[in-house]
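Trainee: what follows is a protein structure lacking sequence information:
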């Protein structure tokens with residue numbers, strides 16, 4: 001059955017109990033064949049702002065960015081595994097920049113019909 005949404009971008013911010021957007025994307029994919037792109041954005045724009053405001057020293061900013069990257073990889077792995085368990089292929093992308101800007105950019109570039117947020 002062809003559904004109303006052929007492609008969605010889902011922001012994979014939550015894990016386990018707060019993973020509703022990813023679960024909804026998986027349900028869309030199973031019911032309608034919707035293509036799912038899960039994204040996690042490391043907010044490097046905020047890290048730069050914190051560093052330039054001297055809230056972070058350079059090393060702290062780098063460490064925080066690495067920590068966010070690790071978190072992002074875990075969240076994207078969770079999304080991928082959730083899809084795999086339901087026989088749904090989920091493309092995953094780890095992005096860097098402004099969260100809103102990067103998510104919208106990917107949605108526009110990929111021709112997504114909507115962005116799912118939690």
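Mentor: That came in fine, so what should we check first? These figures come from a predicted structure and were not determined experimentally.

Trainee: so where do the strands sit in this protein?
Mentor: For the chain, the strands defined by DSSP state E occupy 7-11, 35-43, 90-97, 114-116.

Trainee: out of those, which comes closest to residue 84?
Mentor: strand 90-97 (7.8 Å; C-beta to C-beta). (C-beta placed from N, C-alpha, C; glycine too.)

Trainee: re earlier: columns distance to residue 19, mean pLDDT and mean neighbour count on top of the strands of the chain, output as CSV?
Mentor: Below are those laid out as CSV (distance: least, C-beta to C-beta, whole Å; pLDDT from 0 to 100; neighbours: other C-beta atoms under 10 Å):
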stretch, distance to residue 19, mean pLDDT, mean neighbour count
strand 7-11, 10, 97, 23
strand 35-43, 10, 95, 23
strand 90-97, 12, 96, 18
strand 114-116, 11, 96, 17
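
Trainee: got these as CSV, with distance to residue 28 columns?
Mentor: Formatted as CSV, the strands of the chain follow (distance: least, C-beta to C-beta, whole Å):
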stretch, distance to residue 28
strand 7-11, 6
strand 35-43, 7
strand 90-97, 11
strand 114-116, 9
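
Trainee: for the residue nearest the centre of the chain, give the beta-bridge partners.
Mentor: The structure's the chain has its C-alpha centroid closest to residue 39; by C-alpha atoms, centre = their mean the separation is 2.3 Å. Beta-bridge partners recorded for residue 39 (DSSP bridges): residue 11, residue 93.

Trainee: just give me the neighbour total for the spatially closest residue to residue 28 that is not a sequence neighbour.
Mentor: Excluding the flanking residues, the one nearest residue 28 by C-beta to C-beta, 6 or more residues apart in numbering is residue 34, at 4.1 Å. Neighbourhood size, residue 34 [other C-beta atoms under 10 Å]: 22.
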